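K.L.:
I need the structure of the sequence given here:
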Amino acid sequence: MADIVFGFGTSHSPLLSTPPNKWHLRVEADKKNPSLEYRGKSYVFDELVKLRAKESLDYQSSLPVRAERHDASQLSIVKLSEHLEKVDPDVLIIIGNDQREVFEENNTPAISMIYGENVNHLSIPPERLANMPPGIAIAAKGCSAEQDISYPIDSDLSTHIISSLTKDHFDLCAMKSLPDGPRGPRGMSHAYGFIYRRIMKKPIPAVHVCLNTFYQPNQPTASRCVALGKAIGRAVNNYNRNLRVAVCGSGGLSHFVIDEEFDQRVNQGLKTLDMNLLASLPEEYFISGTSEIKNWITTAAIVNEGGLKNSMLDYIPCYRSEAGTGNAMGFMTWV
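P.N.:
Model (predicted):
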């Protein structure tokens with residue numbers, strides 16, 4: 001029987017691949033954004049500056065603090081990578097999401113999985129990099145491939161999980177390969193690319209589960225993500241091959257406006273594997289990048305089915321402006 005032996009969560013923020021003295025390149029975009037989401041409401045930049053004036057965010061977004069927290073985040077990534085290498089699982093289940101890199105507005109499944117033999121990880125052509133907004137091109141290199149490559153999917157386990165989820169009343173999109181786009185074949189989204197570039201030291205056969213955390217109207221709720229994780233965990237436990245399975249949640253924590261108070265509620269549920277707490281988190285908070293926390297919630301429910309316990313949590317809020325924009329980084333393991 002398959003055995004869930006390791007779980008981890010990691011942020012995949014562009015800031016992790018951007019030198020801290022370049023974080024300001026995205027602040028101009030923050031200032032122009034008419035809808036910065038924070039605690040279920042939308043604000044403009046200057047409104048957030050006033051609202052959060054007592055939090056010393058000008059200091060927290062200063063270059064020395066940015067550099068310190070960037071270095072701490074890099075150390076956490078190294079620790080995760082070394083831990084995964086030491087565990088050396090047979091399969092890695094990756095729970096991620098898509099931001100219009102694979103799915104477009106006319107087809108956005110709530111839950112999707114690949115069951116083919118491999119998945120593409122594509123490089124970004126120089127002409128596309130040159131046309132990216134300030135601060136994006138430098139970060140894109142941290143998630144895209146240096147050159148086009150395909151990585152193995154555990155097709156049999158993926159097919160088993162799809163079948164098991166269907167019997168558990170989950171209606172999901174099953175793909176033999178990612179859909180083609182206007183420029184030809186598509187590669188994996190950056191939620192997965194980050195894991196291959198920054199966490200894996202060698203290719204591991206994988207199972208890709210993609211959640212539509214970002215886009216209305218069909219985002220899975222937090223409670224549905226708990227149920228999904230439990231169902232995936234049961235499917236793995238009932239699989240009749242002797243496999244050592246690891247699970248990863250990619251994304252989060254709160255962003256593009258950091259909310260440390262909400263993150264601490266989330267982290268409490270993740271550390272203690274309190275499924276009721278995680279399922280009851282307010283849906284209005286899961287907007288924009290913060291919605292990626294649902295990838296972690298699904299992962300936590302899977303490892304809970306495997307009987308794992310929390311062993312590490314590094315929480316590093318990385319502010320890039322006095323309005324609180326940036327990304328709260330999280331790095332967690334369950335063993």
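K.L.:
what does the longest helix along the chain contact?
P.N.:
Scanning the chain for the helix with the most residues, using DSSP state H, yields helix 63-87. Residues from elsewhere that reach helix 63-87 (C-beta atoms under 8 Å, 6 or more residues apart in numbering): 5-6, 8, 10-11, 15-16, 19-21, 23, 59, 92, 198-202, 244, 246, 312, 314, 316-320, 329, 331, 333. Backbone N, C-alpha and C define where each C-beta goes, glycine included.
K.L.:
Show me those that map onto helices.
P.N.:
Reading helices off the contacts of helix 63-87 with DSSP H, I get Tyr59.
K.L.:
Just the buried ones among the contacts of helix 63-87, please.
P.N.:
Neighbour-count burial (16 or more other C-beta atoms under 10 Å) is assigned, among the contacts of helix 63-87, to 5-6, 8, 10-11, 15-16, 20, 23, 92, 198-200, 246, 314, 316-320, 329, 331, 333.
K.L.:
what are the ranges of the helices in the stretch 201-335 of the chain?
P.N.:
Secondary structure of the stretch 201-335 of the chain by DSSP state H, counting those that start in this stretch: the helices cover 222-237, 260-272, 275-279, 293-305.
K.L.:
Which elements pack onto the third one?
P.N.:
Contacts defined by 3 or more C-beta pairs under 8 Å, 6 or more residues apart in numbering; DSSP states H and E place helix 275-279 against helix 222-237, helix 260-272, helix 293-305.
K.L.:
Adding mean neighbour count, write these out as JSON lines.
P.N.:
Converted to JSON lines, the helices and strands packed on helix 275-279 look like this (neighbours: other C-beta atoms under 10 Å):
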{"stretch": "helix 222-237", "mean neighbour count": "22"}
{"stretch": "helix 260-272", "mean neighbour count": "18"}
{"stretch": "helix 293-305", "mean neighbour count": "28"}
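K.L.:
Quick check: which of the ones you listed is nearest to Thr108?
P.N.:
Among these, helix 293-305 comes nearest to Thr108, with 14.9 Å by C-beta to C-beta.
K.L.:
other SSEs contacting the closest one?
P.N.:
Helices and strands touching helix 293-305, by 3+ C-beta pairs under 8 Å, 6+ apart, are strand 3-10, strand 91-97, strand 206-211, helix 222-237, strand 244-250, helix 260-272, helix 275-279, strand 326-334.
K.L.:
For the ones you listed, give me CSV that also has mean pLDDT.
P.N.:
What follows is these, written out as CSV (pLDDT from 0 to 100):
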stretch, mean pLDDT
strand 3-10, 98
strand 91-97, 98
strand 206-211, 98
helix 222-237, 98
strand 244-250, 98
helix 260-272, 97
helix 275-279, 98
strand 326-334, 98
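K.L.:
what's the pLDDT at Pro182?
P.N.:
In the predicted model, Pro182 carries a pLDDT score of 65.
K.L.:
ok, now Ile136?
P.N.:
Ile136 is given a pLDDT of 88.
K.L.:
Now for the nearest residue to Glu105 once chain neighbours are set aside, how many residues are close by?
P.N.:
In space, and not counting its chain neighbours, Glu105 is closest to Tyr215: 7.7 Å by C-beta to C-beta, 6 or more residues apart in numbering. Look at Tyr215: counted by other C-beta atoms under 10 Å, it has 16 neighbours.
K.L.:
Check the gap between Tyr215 and Ser164 for me.
P.N.:
Plainly put, Tyr215 is 26 Å away from Ser164 if you go by C-beta to C-beta, to the nearest Å.
K.L.:
Ok, Asn240 next?
P.N.:
In this view, Asn240 and Ser164 are 12 Å apart by C-beta to C-beta.
K.L.:
Among the two, which residue is more densely surrounded?
P.N.:
Ser164 (17 against 8).
K.L.:
check contacts around the closest residue to the more buried one other than its chain neighbours.
P.N.:
Counting by C-beta to C-beta, 6+ apart, the nearest residue to Ser164 once its immediate chain neighbours are dropped is Ala235, at 3.6 Å. Applying C-beta under 8 Å, 6+ apart, we find Ala235 in contact with His160, Ile161, Ser164, Leu165.
K.L.:
isn't there a strand covering the third one?
P.N.:
Which is Ser164. No. Under DSSP: H, G, I helix; E, B strand; the rest coil, Ser164 falls outside any strand and is assigned helix.
K.L.:
close enough to count as contact, it and Ala231?
P.N.:
Yes. Between Ser164 and Ala231 there is a contact under C-beta atoms under 8 Å: 7.0 Å.
K.L.:
which stretches of the stretch 51-200 of the chain aren't confidently modelled?
P.N.:
182-184 (pLDDT under 70).
K.L.:
ok, which stretches of it are strands?
P.N.:
Applying DSSP state E, counting those that start in this stretch to the stretch 51-200 of the chain gives strands spanning 91-97, 111-114, 118-121, 149-152, 173-175.
K.L.:
Output the second one in CSV, but only the C-alpha positions, please.
P.N.:
Listed next in CSV are the C-alpha coordinates belonging to strand 111-114 (Å, rounded to 0.1, in the frame of the first residue of the first chain):
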residue,chain,number,x,y,z
ILE,A,111,-10.3,21.3,-9.8
SER,A,112,-8.1,19.7,-12.5
MET,A,113,-5.6,16.9,-12.8
ILE,A,114,-3.2,15.6,-15.4
